[in-house]
Every structure is written in C-alpha cells, then in structure tokens.
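S.K.: Provided below for reference: sequence and predicted model.
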Amino acid sequence: MAELADDEASNGVLQKIATYFDSVIEEQNFGRWVNSFERPLLNKVLESLVMSPATSESKPTLSVIPNTSLKEFWLPLSSFDVSARSKTGYYPQNVQLAAHVREFLKDGYRVGAEAVEVKFHVSDGSRRILESSVGISDGFAKVLLMCGITLICHQLELTPEQLALPGVKKVLDSFRMQHVTSQKQAPSPIDLLGAMQQAVNIERRRTRGGASTALRDVLAKCVGDYNRMVTKKSHRVDTNTKNLCLNMLRTNEKIQNLVHGHYDLYPHTVSALPIDVLQQDWWVPGSTSRADSPRYQGKNLFKEILTITMDSCELWMTRATEDFKRRVGPDASTKAKKNAQLGEEDQLLLHDCVCLWLWLLPKLENEFPKPVVDKHYQLFLRGSLDSDLSGVMRAAQPFEWERIPFVLEVKGECVDDFITQAQDRTRNAQSKSLQAAWLVWREMLQADQITFESEKISMHVCMIWGLQNKFANLQAMHNKAWDLVSSYMDQNLKAFAGRAIEAESTLLPQVTGWIHDTLNDLPEIRSVDDHCIVVWSNLTTVGVMPAAKLDFFLTAISNILASHKRNALAILIHPNRASDTGKSGEKKEKMEKEEDDDFVLKGEKEEDAEDGDSDGLSEENEKDNPEESDIRDIKHKLEKALSAKSRNLWVKNLTWAFDKATVYGKRDACIHGLAIVHRDKANLFRNAAAWKHALVRDCVMLPRSQMYKPEAQANTPHLGRAFTDAQELRQVAGGTDFIRRTLSSFWPETVSTCILIDLHTYDCFPALAALEESSENRRVLCANILLDRSPESTVQRISNAIYNSCRAGDLKLVGFPNFDPVISALQTMKPEDSGKEYEVTIKKHDRLVVLQSFAAKWMDTEFKDQTITELENHNQRYNPGGEYWHETERAPSDEESSRPHKRIKLDDSELGKEADVVNLTKPYSFSINNIAEMVCGQDGVPLYLVSRGKNQFLTHRELFSFGSGDWRMSQDAEELMQDSNGRWFSFCIDHQTVMILEKKGLPSHLGNLPCVDSPTYLSAIIRELEDAGEVKLAVTHHVLSSDKVSQEKPLVFLMDPPKDPKEDREEGGKPKRKKQKKEKGAGTMTNKNFGSVVDIAKLKKANRLLIGWRIRLDCNNSSGLKTIVPIRPVACVTGVLDLGETVIKIY
C-alpha cells in the first residue's frame, strides 16, 4: 500500500511539471525561457536539485578535461552551455521539445539510447571544467530539457519530501551526464542549417582574398568536410539537404527567423512550408524559374511580375504560414495538419499571386489614397483578393490592371462623393418626375391585380393535379422503400418473439435455423474462420428475472457455444437488480411496481436536466442494502451454473471501463460481466486482447438524453423523457458505442462476418450497433429475441433506423428509391414561388399584399391621399387583412398565409404604467431580453409585458411555458376539464394550432426543415414532413385526415400544484433530488417555469397571447406511423408586436 501511495504521489508531481511546461511553451520558446534566468541562479538550482542527497546517489563527476579517452565519466548539468550560441544560433522548436518531455518524465534520461556529444574548450591554459564551458555537438534539445525541468521543479517550490519520491528521484537522478557510446538519429535538415551557416561564415573569413567565396562553392566545401568527418553514411548531408541550406542562406535573417518561428509551432513534415518545398529554388530571391515556366514563357509582362525578390519571398512565407495557422492550430491532430497543407500547384499559385500583388502595389499607391490601399493590403493578407489575383495568373494572358475586379470596386468607392454631388444637381429633375412615377406605380399595381385574377383559377387547378400526381409517385416510392427495409430486416436484423416458458422448445430452434440459413446464403462464408457468433446477454435490461427466462438463457448459451465450438463467444453483463430467486423477497413487489411506473405518461419534469447535474439514481440505491447481497448471490450462482463440467465452458470475468470524459453524476466508472467460450483450444476468441486482459477499455457511457423508454402498450405515444431509477439501471450498458467497442475488442482477424444474438432484447441497441457496423466497417447480423413481450415496438424502432440510414446514404440497399427528385419537385410547386412575377405586391396564397416599401414611399409626398385611397380599394378586394409585406419577414407558406398576420394595435385600456409594475408586492418576473421582461403579481394577477426600449415580437413568438406537470387521459381528463378554473390545458388541436417541432430525435433528412424549432401551424408542419417523404403520419389522440384534425380521445396536461417554498424535504425526510426553487415572490424565474405562477383561467381569455404546443415526432411508435406527440404547452404572441418604452397589461 505504501508503494502504491508513493507512485500516486510521484505521478501527481510529474503531472504538475508537465502542466507547467505546457504553460511555458504556449507563451514563448522554451529555450529562451530557460536562458531568461541568471546563469548563477540556474547553476545553483541545478547543483541543489540534481546533485542533492535527496535526489541522487554520490557519483564522482569529471572536473578536468581528460587527456585520453575514458570509457565512462559524469558531468554536472551546470557545466553545459545551453545558450543559443552553443550550437547553431537557434533554440530547438517547441514541438521538438514537447515530443520528448513526457518521455523524460516517464522514464528519465536514457543515456544508452540518447547520448549527448560534447566538446571541451581549453581557456587560459587551464584544463579545469568550468561552469557553462562545455559545448554541445549533438543532443542540445535533451540537455535544454533537463535544465528546464529542473528549473520548473524550482519554480514549483517542491519540498524535499516531494523530491525524494521514487518517480521524481528517478527522473532527476538520470540528469547527471554519463559518457557512454550510443546510437544517434540522423540530424534533421533544419538542425544542419544553423551548423552550415556557421561553417560558411568561418570558411569565408579563412579564405578571404584567396579561393572563391561564392556561396555555392563555400557551402560545397563545408558539406564535403562535414561528410568526410561523419562515419555513418545515413548521417551525411545529401543533395536535397545541401539545396535547402543553399536556398535558406540566400535569404536574409528576417526570412530565416520566420521559418524557424513557424517550425517552433509545427513539425516541418506537417507545416505550411514542408522541407521538400524549401529544397526547390523557384521561391529563392533572384530565381527566374517561375517566369521561364511553360505557362508564362515568352510573355514579357509576366516575366516582370514574377521577378523574385526578398520582399516577395518574405510575403509569400508570411501568407503561407498565417493561412495555415488560420486553418489549423498548433494543437490540431497530425491528420488535420496534413490535410491543411497546400499541394504543389496551390503553393506555386499562391506564390504567383504574391508576386502579382507586389507588382500592383506601387500602381495602387499612385492611384488611390493611402487608407484605401492599406485596407486592401489587409484584405490581401486575409486571402480575400486571391480569387481575383489567381484568375489573372491562371489565364496567363495580357491584361489591364485597371480591369481587375477588386480594382474596379476600389474605383467605385472612390467616386461615391462625385455621385452624391450629382444627385444634388438632379434633385429638381426628380421632383418634376415624381407625379409620373406615382402614375407608373398605380399602373403596376393594377397590372398585378389583373395577373392575380388570371392566375388564381388556372394555377390552383394545375397545382391540385400536379401535387396529386407527385404525391401518388411519392407514396409508391415510400411503399417500395419500406418493402426493402422489411426484407433487409428479415435477412439481417430479424426479431423472434414468444413466451419464455416455451422459448427453449420453440424460439431456440427458430434462431438456430435462421443462423444456419443465413450462413448458407452468404457467399463470402467459406470456412469456420470466416465468421463468428456472439451471444449478447445484457442482464441489466431484464430487471426481475423469472425462472423460465433464467433456464432459457442458460440453455441458449450452452447450446449455441456447443454447436459452434471454434467461433462462438458469449458476453454476459451482470445484473444490477435482484431477481425473484433472491433472499429479499420483500423487494420484489416494489421492483414490479417500478417496472409498471416505467410506462406512466409523464410531463417533462426533468427534460432539460444535464447528465452531470445528478446521477439519476436515488440515494437509497447508492447505499448498502439487502438487495446488493442478493445481486452478489445471483452473480455467484450464474457463474457456478455456467462453469458446470457438463457444459464444458470456459468462463472468465470481464470488466468494461468507461472513458472518464463520458462518466457523469456518481455513476461507477466500470461494470462487470463474463466472457464465455467453449473449451476448445482452437477457439478464435482466446487470442483476443480483451480475453487475455479481461478488460474492454474506453467505453462511452450512454448519456441520459439518448436513453430509450420502450412503450407499455400498442398505440400509446411516449410523451415524457423523465426516467425512473429502474429504467436508468436497465441501460447502464446501453448505447451502440458500448456494444461496438466490445465487438471490436474481441473481433478475430480472420473473420469478415459476425452474427450477434441479443438474448434479452429491450432497447434494440445491439441491433442498432449491428446496423452501424454494417454501414461503416464490417458486416454484422443480429437476431433479436423477445420473451413475453410484443415485438411491434422493437420491429418499428429497428425498421425506422434502417430507413433513416438509407435516406441519409449511410446504408446502401439495391433498389432503394432516390427521394430527392420527387421532393424537390414538390417543393418547387409551392404557390408562393409565383410572387416573383409581381412588381409592387407579393402573392400570399389567396391574397395579394402590397409591399410596404412601395406604399411607404408615397406617404411623405403630395400624393399621400391618393395613395391611401388606392390602398383601401385594393385591400377591400384583394387583401382583407390590410397588412403590408415587410422585406425582413421570411417568405410565407400557403398554410401560414391562410390566417392573417396582423400587426397588433394596442388600445389605451391595454397600456399600463411603470408605476403599476414597481408597486407590485413580491412580483415574479423573467427577462425576455436585455430590455424586455414579463412580470406578474404574487397571486398571478395582474400580468404585464414590460418593454424599456425598441422591441419587435414576430407572430407566434414563444414567450414562456408552464413548468412541470403530468398527463391525464380518458376519464381522468374529462373530470379535470369540468373545472373551468383549473390549472390544465387540453391537447385538442386543429390545422391552425401553433406548434413548435423540436429537432431532438428527428432523423437527419428532417433536421433542416424550415418548420423545425420555429412556431408554425400544424398544417404547415404536416405539409413539410410529407414533402420530405414522410407520408405515414399521425397525431396522438386525434384522427388526421386531409382536410381536418379531430380529437379521438381527451388528453390533458395537468400542471403541478404550487409547492410551499419553505418545503425542502419530501415525505419520510428524504432529501429532494431536484434543485430547490426560489421562495415565492423572490423575483427572477425562467421562461420555462414562469407560467407556473400566472393565473391560467385569465391567461386563456387574454387577447394578445395564445396557447401553442411544443411537440416531437415519435419515430418509434408501434403503430408504424410517425406520430406527433406533445411535450408541453407554451404561451405565444398572437401577431406582430412593435414596442417602444411601453407597459402592456395582458390581463
């Protein structure tokens, strides 16, 4: 235990060091940071920490430069020179250091694998080794890291006890330099660049006045000398590296620093300036290779443009590195950086665009003011002008620079002042033509009226016939698609249902027969090694397991593994609830009650709770209780029964470890179960890593938002998302990722096809996991066994998943219809498209609405009275609502336009005063935005909408909802509706009821419909769903037909009663799991619960608010229809409301 504690403490200290290192390199180069400390302080720290008795054993260090070669010697870190001048004049890049630091902190410095080559300097005839006197030939980055880590220990003020921890002591003790021969990696071209630069400078000084000092000749001599000194051939400088050095030495210091700064953030292999680009000479100052390329050859203009200078080289590198940094940050993955790199053609084109810009720049400076040029220079740096510049360079034809598109735009901006002055001179002429313009507007209005009349009948008839034909085609395609889905499910994801008491004699032969037929039908199956069978037994989903189910599941595992000895595996997840065979029999009745509670229709009490807010399990489940003893007994009995000699099975304990990032609440980070194979030494699964280690890593815990609640009975919609403890316990091993991770961990290398058998089908996740695997990677088939349960809901859930996968293009079924052309045709036949034929109006279904911009144009002129008369005559016949069309509004659908969207005109009786709001005693309120709020009195009366600035609320804008509640049906609902003043809302709707369809749970092909998350009439929602290919729709508790929606059975949302704010405990003294509400009258609430404090009876009679519904589309209803189900009622605005500093009294 003591060793374990020391290891844990050591890991904590080393993690602190790593975190500090990361914070340093985020701000500056690590080498500069190390050398920012005074050298005496650095030496003192190195001697006190690295050579202290707490961190090292006493080993003699070398103090004098040796005369002969020594086999082994030690050097103190303080003797090394870690300044930039020690080697090449540049510090190592941060990315290079970051690649080593974690390895150093884990294993320490490995002398034999990472030796440092040193060079001794003799000064003043003395052979003593002084501080900072030993140079570094190779391994500079490693020495710098060792010094830096030691400094970090000093900065963190680690105690002697922390330094003496085994892990920390091991790291610091390894930092004493030992002279040992080792195998070194070849230096990178960037590392060699600094060395070659120093060598060239020395050689030029040495041969001044003698041999040739041309850079190419001097570099060639230095490279030759270097290669003769290097004994290992792979470490020698090759032609490409020599070219890179030559190119970089032709540039100035600013360009070289720019390259080193970029490589400080990105490895050169995945950077904006790869080594293979810098090895070419087309970008080097003075080069003419681009101008001489076949594209530009013989064109003098481009030869002038493509003159390579230091400025063009620097600007090209700046653009390349900054564009790369914008696309991917330094912390992005290697794959992302690789994908962000420009190809060779794109690099050349960017370089050519830079040259063109620099050629244009003097011309722009002569033509336009400096601020305009500066603005466009910044646009060029951001890449906004690349399309114009690249078009010129791609064409490679003579051009006039004044005709480049962005230059024309600049000219347009510069003549704005001239245009303004011209407008002043023409104002008088416009005044004279105003009367003629008004007459033209009136003629256009009359022309629109004639067009509207002529199209009204013919378009309507054509639309009806066209829609009928298209809809019939869509229905046929839909039927064909579902036939293919049904066929695919029978062949690949078949469901088997029956009674548990007869399962062994009826269901098991059906399953084994289906497996046999399936294997015979698959052409890729040639031998036993080509396929495998996995029996999935998730006992957490079973809840209370009767004896009949227990016998079936034991028999099924034994028989299937015995029939497939070499290629079968059974996965068993231990139960987390006691069965009816346990000791605590008194618990059974309570558990069965919880199972019944699974299917009670609940309101959205915890709809928006985050997974991390609570663990979803009551405290009673977290404490030790007799049930846990029963669970342990059940696990023992199961393992004992499966390990019986008569079964000849090998049973092994298995653990699933969840990824820490996905664990929420107080849930366990792992669960346990069994892996079972037949005792056949040739079994394929015994070689899997998961079998050997008995561990499946990095599983994803199923979020509460993705949990699934099966339906209790057919044709009953699932209206709630709140889960009981029993339901959450059933899905601790839920989710497709959990199952796919398990399959991947055990998957044999030779296998191409897997048959998965779900013995206890509950939430369909095994079948959905098989579908995902078949769509992405490997073929997986699944048999779903349902005992004592109706298969309709399961079949519908799996079928919908197959259909949605095909519609999204993830699963390819031969013959599956392409819905896009038909849906596109339906959408193009909408009536509002004809609005483009009108000049001063817009057609909204059966009305012709005047554009507000045209009508307002004449209200401030001498033609105001004539305009009002024309508009009144027009509205009386063509637009009874009298509203205008505002360009800021979104285009209406025909269903939306069937009810007028009038602008609300407030009466004086509806206006309140600010003092009325201020004088309320302990009011409730919530903020709609920064300058608007809803306020009501302590007893829910009165209710105000307060605006303290300019606000606009569009038609049907949702203001607030009514907190939590329950649903009541049938007789209970009828009894509630007898109380006219009750806190309830009846879900009795028609085509003109305002709905908000939530995006949660929608298939991908429906997620982007205009009606999603937007207040819309029910008729518009149904039309958009049908246009998207969903022709099988229903509304819960209603009968849906083409012309109306009628209620079939009553359904009522009953709000929770007001609770005593001082009450903070439930009955029995058990603390509440939900967060406490504020005291009554305490003030601020939210839009989700503000309705819980208003007077519901008065709200229903309010003129300016209406009751709408938030709804979801239940895609897994057992009826086979996608069903619209309500979530909660909401309060919405009845029309467009424009407000200033106003107080509105709602009631």
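M.R.: Yep, that arrived.
S.K.: hmm, residue 942 and residue 936 touching each other?
M.R.: Yes: between residue 936 and residue 942 there is a contact under Cβ atoms under 8 Å: 6.8 Å. Bear in mind the C-beta positions are built from the backbone N, C-alpha and C, glycine included.
S.K.: those two: which has the busier surroundings?
M.R.: residue 936 (25 against 19; other Cβ atoms under 10 Å).
S.K.: for residue 156, see how far away the more buried one is.
M.R.: Going from residue 936 to residue 156 by Cβ to Cβ, to the nearest Å gives 56 Å.
S.K.: what of residue 383?
M.R.: 43 Å.
S.K.: which element is the residue nearest to residue 925 when sequence neighbours are not counted on?
M.R.: Distance criterion Cβ to Cβ, 6 or more residues apart in numbering; nearest residue to residue 925, sequence neighbours excluded, is residue 935 at 4.5 Å. According to DSSP states H and E, residue 935 maps onto strand 932-936.
S.K.: gap between residue 865 and residue 840?
M.R.: For residue 865 relative to residue 840 (Cβ to Cβ), the value is 19 Å.
S.K.: again but with residue 450, I slipped
M.R.: Counting by Cβ to Cβ, the gap from residue 450 to residue 840 is 13 Å.
S.K.: which of residue 865 and residue 840 has more neighbours?
M.R.: residue 840 (19 against 9).
S.K.: hang on, that one packs against residue 444?
M.R.: Yes: between residue 840 and residue 444 there is a contact at 4.9 Å, judged by Cβ under 8 Å.
S.K.: not counting its own residues, what contacts the helix or strand harbouring residue 373?
M.R.: Here residue 373, judged by DSSP H and E, is contained in helix 370-381. For helix 370-381, contacts defined as Cβ atoms under 8 Å, 6 or more residues apart in numbering pick out 318-319, 322, 357, 361, 364-365, 385, 389, 406, 410, 413-414.
S.K.: so after that helix, what's the next helix or strand?
M.R.: helix 386-395.
S.K.: in contact with residue 1039, which residues are there?
M.R.: Counted by Cβ under 8 Å, 6+ apart, residue 1039 has contacts 1045, 1046, 1047, 1048.
S.K.: so the second one sits in a helix?
M.R.: No: according to DSSP: H, G, I helix; E, B strand; the rest coil, residue 1046 belongs to no helix; its state is strand.
S.K.: what about it, distance to residue 1038?
M.R.: 6 Å.
S.K.: export the host helix or strand of residue 784 as PDB, just CAs?
M.R.: Secondary structure assignment for residue 784, by DSSP H and E: strand 779-787. Output of strand 779-787 as PDB, limited to C-alpha atoms (Å, rounded to 0.1, in the frame of the first residue of the first chain):
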ATOM      1  CA  ARG A 779     -20.900  -7.000 -41.800                       C
ATOM      2  CA  VAL A 780     -22.800  -7.700 -38.600                       C
ATOM      3  CA  LEU A 781     -26.200  -9.500 -38.500                       C
ATOM      4  CA  CYS A 782     -28.400  -9.600 -35.400                       C
ATOM      5  CA  ALA A 783     -31.100 -11.900 -34.000                       C
ATOM      6  CA  ASN A 784     -33.400 -10.200 -31.500                       C
ATOM      7  CA  ILE A 785     -35.200 -12.400 -29.000                       C
ATOM      8  CA  LEU A 786     -38.200 -11.000 -27.200                       C
ATOM      9  CA  LEU A 787     -39.700 -13.100 -24.300                       C
END
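S.K.: which strands and helices sit next to the helix or strand following that strand?
M.R.: For strand 779-787, the following helix or strand on the C-terminal side (DSSP H and E) is helix 792-807. Identification of packing neighbours for helix 792-807 by 3 or more Cβ pairs under 8 Å, 6 or more residues apart in numbering; DSSP states H and E yields helix 416-492, strand 495-498, helix 765-776, strand 779-787.
S.K.: neighbours of residue 134, how many?
M.R.: Each residue near residue 134 was counted by other Cβ under 10 Å, and the total is 24.
S.K.: roughly how far does it sit from residue 36?
M.R.: Counting by Cβ to Cβ, the gap from residue 134 to residue 36 is 21 Å.
S.K.: residue 670 too?
M.R.: Residue 670 is 46 Å from residue 36, by Cβ to Cβ.
S.K.: now residue 147
M.R.: 12 Å.
S.K.: the two: which has the busier surroundings?
M.R.: Taking other Cβ under 10 Å, residue 147 and residue 36 do not tie; residue 147 has more neighbours (24 against 10).
S.K.: wait, is the more buried one part of a helix?
M.R.: Yes: counting by three-state DSSP, residue 147 falls inside a helix.
S.K.: count the neighbours of residue 1121 for me.
M.R.: 18.
S.K.: tell me how many other residues surround residue 925.
M.R.: With other Cβ under 10 Å as criterion, residue 925 counts 17.
S.K.: residue 276 too?
M.R.: Number of residues near residue 276 (other Cβ under 10 Å) recorded here: 12.
S.K.: residue 476 now?
M.R.: Neighbour number of residue 476 under other Cβ under 10 Å is 12.
S.K.: next: the one 5 residues further on.
M.R.: The criterion is other Cβ under 10 Å. On that basis, residue 481 has 20 neighbouring residues.
S.K.: any idea how far residue 475 is from it?
M.R.: 11 Å.
S.K.: so where is the stretch 801-950 of the chain shaky, pLDDT-wise?
M.R.: 822-837, 844-846, 854, 881-902 (pLDDT under 70).
S.K.: ranges for the strands of it?
M.R.: With strands called from DSSP state E, counting those that start in this stretch, the stretch 801-950 of the chain shows them at 841-844, 847-850, 924-929, 932-936, 943-953.
S.K.: on contacts alone, who are the packing partners of the helix or strand that contains residue 277?
M.R.: Residue 277 belongs to helix 275-278 when elements are defined using DSSP H and E. The contact analysis (3+ Cβ pairs under 8 Å, 6+ apart) places helix 275-278 against helix 239-249.
S.K.: averaged pLDDT, the helix it packs on. What do you get?
M.R.: Average pLDDT, helix 239-249: 83.
S.K.: show the end-to-end separation of stretch 851-867, please.
M.R.: 13 Å (Cα to Cα, to the nearest Å).
S.K.: I'm done for today, thanks for sticking with me.
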